[in-house]
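1. Only the shape, not the letters, is given here:
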Ligand code: ATP
Ligand code: MG
């Protein structure tokens with residue numbers, strides 16, 4: 001419920017406060033990211049360790065609040081009214097604010113005023129201000145009583161040195177750390193439920209993803225690629241800056257693997273190539289890690305042995321933020337993120353092309369290495385990277 005009297009949005013962050021010497025840098029990043037998200041809808045400034053957006057007009061405020069709540073680093077977005085720290089003004093503005101809140105809440109029968117006097121020179125203490133304003137708010141609705149523990153309506157007043165704030169509702173943000181455009185990671189995005197969630201977990205830790213998707217067109221459909229692009233598009237909305245996506249053809253590699261490797265190892269060879277290509281893209285784009293949606297034991301191929309066999313071909317760290325999550329947790333996160341409904345649409349899985357019904361779950365590293373050596377690995381990897389289609393989301 002956004003009070004129509006709101007003139008500003010108060011934006012709190014949490015973890016940044018713990019960052020010690022790096023705090024100014026994190027604050028600068030978050031402020032820039034917020035400013036990009038707000039655009040011409042307002043002005044962002046930093047006030048007493050928080051941010052305040054001065055709203056330029058009344059249009060699209062609910063959408064702006066929703067968008068800001070998804071910016072990594074934001075703990076809460078609070079629509080508020082900013083006024084001068086003068087008792088008369090604070091009282092009349094709070095009454096006006098309460099009237100609008102009560103209009104929107106016909107069932108509200110209890111309320112509380114929570115005043116905080118940060119400027120100790122203000123003439124009333126926090127408690128006195130509670131009583132002063134509360135006694136007048138109570139008269140706005142017949143029979144309304146004070147309930148400090150669990151009020152239907154709670155209005156907060158903060159009296160600071162140069163301004164006072166009035167607010168009553170906040171939207172919880174995603175928390176985490178602000179996204180940093182220079183802190184790049186390559187995220188392998190498959191079209192399933194897990195990989196978009198994995199990418200998002202690291203976006204929330206300040207990383208900027210470069211998405212990589214492997215397809216086997218024309219054996220896999222154009223619609224499957226379009227689906228993965230839509231998934232990436234959902235994540236793009238959570239980023240303050242444009243994101244890159246690479247669509248890499250894997251078919252030539254899959255044919256080479258089919259023609260010369262053990263049938264039961266095909267899927268693992270595909271995965272090894274995916275990793276090498278992802279690493280090559282990371283090197284070209286200055287990314288520092290690779291990210292997958294693997295969760296241990298979720299499907300037969302996600303065994304520790306296979307993870308080791310797949311990771312064997314790269315030097316960059318492979319991050320698997322979902323490794324110990326169960327499917328239920330991941331699904332719940334995907335729903336909140338807005339990727340779940342897209343992920344469950346049917347798509348063609350690149351990994352099963354030419355693959356046997358029972359791929360190996362315990363691939364022997366020595367055999368995999370031997371088989372790889374018989375292939376022109378670097379030529380195949382570079383050719384796939386060069387043939388990739390690059391999209392800016
Ligand atoms: P997801 O739901 O993310 O597809 P999954 O549980 O289906 O995961 P796999 O299909 O075994 O697991 O894939 C494991 C991980 O490998 C994926 O999370 C993704 O990061 C990567 N991956 C698999 N296939 C592709 C692909 N075609 N393009 C890019 N990455 C892929
Ligand atoms: Mg999958």
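-> Great, that's in hand. If you're wondering where the values come from, they're calculated on a predicted model, not measured in any experiment. Numbers count the residues shown, from 1 in each chain. Ligands and ions are numbered 1, 2, ... in the order given.
2. Now do the phi/psi pair for residue 390.
-> According to degrees, to the nearest 10, the main-chain angles of residue 390 amount to phi -110, psi 130.
3. wait, does the helix or strand harbouring residue 196 contact ligand 1?
-> Secondary-structure element containing residue 196, defined by DSSP states H and E: helix 194-203. Yes: figure legend: helix 194-203 in contact with ligand 1 (CB under 6 Å from any ligand atom); contacting residues 194, 195. Every C-beta, even on glycine, is put in place using the N, C-alpha and C of the backbone.
4. residues in the chain within reach of ligand 1, list them.
-> Residues of the chain found near ligand 1, taking CB under 6 Å from any ligand atom as the criterion, are 188-190, 192-195, 212-214, 274, 292-294, 298-299, 301-302, 350-351.
5. Check the gap between the residue lying closest to residue 30 once chain neighbours are set aside and residue 74 for me.
-> Leaving aside its sequence neighbours, residue 30 sits nearest to residue 178 (CB to CB, 6 or more residues apart in numbering; 3.9 Å). Distance check for residue 178 against residue 74: by CB to CB, to the nearest Å, it reads 9 Å.
6. Residues in contact with both of the two, list them for me.
-> Between them, residue 178 and residue 74 share these contacting residues under CB atoms under 8 Å, 6 or more residues apart in numbering: residue 30.
7. returning to what we had before: and for the helix holding residue 196, what are the contacting residues?
-> When contacts are defined by CB under 8 Å, 6+ apart, helix 194-203 is touched by residues 72, 179, 185, 187-189, 209, 211, 231-232, 234-235, 238-239, 291-295, 298, 319-322, 330, 333-334, 337, 339, 343.
8. And for stretch 338-353?
-> In this structure, residues lying in contact with stretch 338-353 by CB under 8 Å, 6+ apart are 190-193, 196-197, 200, 214-216, 219-221, 223-224, 227-228, 230-231, 234-235, 250-251, 254, 267, 270-271, 331, 334.
9. In PyMOL, select just the buried ones from those residues.
-> The buried subset of the contacts of stretch 338-353, as determined by 16 or more other CB atoms under 10 Å, is captured in PyMOL by this line:
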select buried, resi 190+191+192+193+196+197+200+214+215+216+220+224+227+228+231+234+235+250+251+254+267+270+271+331+334
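10. So residue 113: helix, strand or coil?
-> Under DSSP: H, G, I helix; E, B strand; the rest coil, the three-state class of residue 113 is strand.
11. How about the secondary structure of the residue of the stretch 101-250 of the chain found nearest ligand 2?
-> Proximity of the stretch 101-250 of the chain to ligand 2 (CB to the ion) peaks at residue 192, 3.4 Å away. Of the three states, residue 192 takes coil according to three-state DSSP.
12. Which residue comes closest to it once chain neighbours are left out?
-> Sequence neighbours aside, residue 343 is the residue nearest to residue 192 in space, at 5.9 Å (criterion: CB to CB, 6+ apart).
13. for residue 166, same thing?
-> Here the residue nearest residue 166, using CB to CB, 6+ apart, is residue 81, at 4.5 Å.
14. Quick one: end-to-end distance for stretch 210-223.
-> Taking CA to CA, to the nearest Å, the span from the opening residue of stretch 210-223 to its closing residue is 21 Å.
15. how far out from the middle of the chain is it?
-> Mean C-alpha position of stretch 210-223 versus that of the full chain (CA atoms, centre = their mean, to the nearest Å) differs by 24 Å.
16. ok, that stretch near ligand 2 or not?
-> No: under the criterion of CB under 5 Å from the ion, ligand 2 is not reached by stretch 210-223; the shortest gap measures 11.1 Å.
17. contact partners of that stretch?
-> 184-191, 199, 224-225, 228, 232, 235, 243-251, 254, 270, 274, 277-278, 281-282, 285, 287, 347-350, 353, 393.
18. Narrow the contacts of stretch 338-353 to those in helices?
-> With helices identified by DSSP state H, the entries of these that belong to them are 196-197, 200, 223-224, 227-228, 230-231, 234-235, 251, 254, 267, 270-271, 331, 334.
19. Distance check, the residue of the stretch 101-250 of the chain closest to ligand 2 against residue 61.
-> 36 Å.
20. Next: residue 288.
-> If you go by CB to CB, the gap between residue 288 and residue 61 works out to 38 Å.
21. OK, contacts around residue 312?
-> Contact criterion CB under 8 Å, 6+ apart gives 272, 365, 368, 369 as the residues in contact with residue 312.
22. ditto for residue 287
-> 184, 185, 186, 210, 281, 316.
23. Please identify, among those residues, the one with the most neighbours.
-> Greatest neighbour count in these, by other CB atoms under 10 Å, goes to residue 186: 30 neighbours.
24. what's the pLDDT at the residue nearest to residue 337 when sequence neighbours are not counted?
-> Closest residue in space to residue 337, ignoring its immediate chain neighbours: residue 200 at 5.6 Å, by CB to CB, 6+ apart. In this model, residue 200 is scored at 96, pLDDT.
25. do the same with residue 231
-> 98.
26. got it, and residue 14?
-> Looking at residue 14, its pLDDT is 82.
27. Surely it is in contact with residue 75?
-> Yes: in terms of CB atoms under 8 Å, residue 14 counts as a neighbour of residue 75; the distance is 4.2 Å.
28. Any chance you could list residues touching both of the two?
-> When contacts are counted by CB under 8 Å, 6+ apart, the set common to residue 14 and residue 75 consists of residue 175.
29. Looking at these two, which is more packed in?
-> Comparing residue 14 with residue 75 by other CB under 10 Å, the one with more neighbours is residue 75, at 19 against 14.
30. For that one, list the residues it contacts.
-> Contacts here follow CB under 8 Å, 6+ apart; on that basis residue 75 touches 12, 13, 14, 172, 173, 175.
31. Return the distance of the first one relative to ligand 2.
-> Right, residue 12. For residue 12, the distance to ligand 2 under the criterion CB to the ion, to the nearest Å works out to 37 Å.
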